[in-house]
Each structure stands twice: as structure tokens, then as C-alpha cells.
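J.: Turn this into a structure:
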Amino acid sequence: MAIINAKIDDKLVKEFRHVIYSRHGLKKGDFKNALEEAMLDYIRKYSEQNLESPGRVSENSMTEKAEQLEA
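T.: Numbers count the residues shown, from 1 in each chain. Here you go, the predicted model:
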């Protein structure tokens, strides 16, 4: 697991938390799961599908992770 420290706009975080709360009720772990889901969506949107390089997350592992988050 990685720990990421980043300064994010307060309004953006507030809106993100509101959406999470509306969708899940903000139980323990919901923020982390929603953030991972957003990162996976970003990777799917902007990565080149056919390239596999060392350290890169494969499409299959991303799909499996997304299915776990949705369960």
C-alpha cells in the first residue's frame, strides 16, 4: 500500500466527500475506495491499452480491482 500526501482544493474535497456520502453513507474505508475507483477510472481513460511495461498495472488487474470495489 502506498501513502499519498497531496494538497487538494478544499471545495473539491468537500464535493468528493458529499458524493461519497450520498452514494455509500461514508462508512469506514469509503473515501479510500472511492479514491481508488477514481484513480482506476483515470488510468482506464488515459492509459494506452496495448502497452505493458514493468510497473504498469495490467487491464485485467484493474478490472479485478474495480470489481472488488463495486462488491
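J.: Could you give the average pLDDT over stretch 2-18?
T.: Mean per-residue pLDDT for stretch 2-18: 94.
J.: List the contacts of it.
T.: For stretch 2-18, the external contacting residues (Cβ atoms under 8 Å, 6 or more residues apart in numbering) are Leu26, Phe31, Ala34. Using the backbone N, CA and C atoms, a C-beta is placed for each residue, glycine as well.
J.: rerun at 10 Å
T.: Contact with stretch 2-18 is made by Leu26, Asp30, Phe31, Ala34, Leu35, Ala38, Met39, as judged by Cβ atoms under 10 Å, 6 or more residues apart in numbering.
J.: Okay, now it: how far is its last residue from its first?
T.: Taking Cα to Cα, to the nearest Å, stretch 2-18 runs 24 Å from one end to the other.
J.: buried set for it?
T.: Phe16 (16 or more other Cβ atoms under 10 Å).
J.: where are the low-confidence patches of this structure?
T.: 49-71 (pLDDT under 70).
J.: Include secondary structure when you put the contacts of stretch 2-18 into JSON lines, please.
T.: Shown next, in JSON lines, are these (DSSP: H, G, I helix; E, B strand; the rest coil):
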{"residue": "Leu26", "secondary structure": "coil"}
{"residue": "Asp30", "secondary structure": "helix"}
{"residue": "Phe31", "secondary structure": "helix"}
{"residue": "Ala34", "secondary structure": "helix"}
{"residue": "Leu35", "secondary structure": "helix"}
{"residue": "Ala38", "secondary structure": "helix"}
{"residue": "Met39", "secondary structure": "helix"}
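J.: Just the buried residues from those, in PyMOL please.
T.: To isolate the buried ones among the contacts of stretch 2-18 in PyMOL, judged by 16+ other Cβ under 10 Å, type:
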select buried, resi 31+34
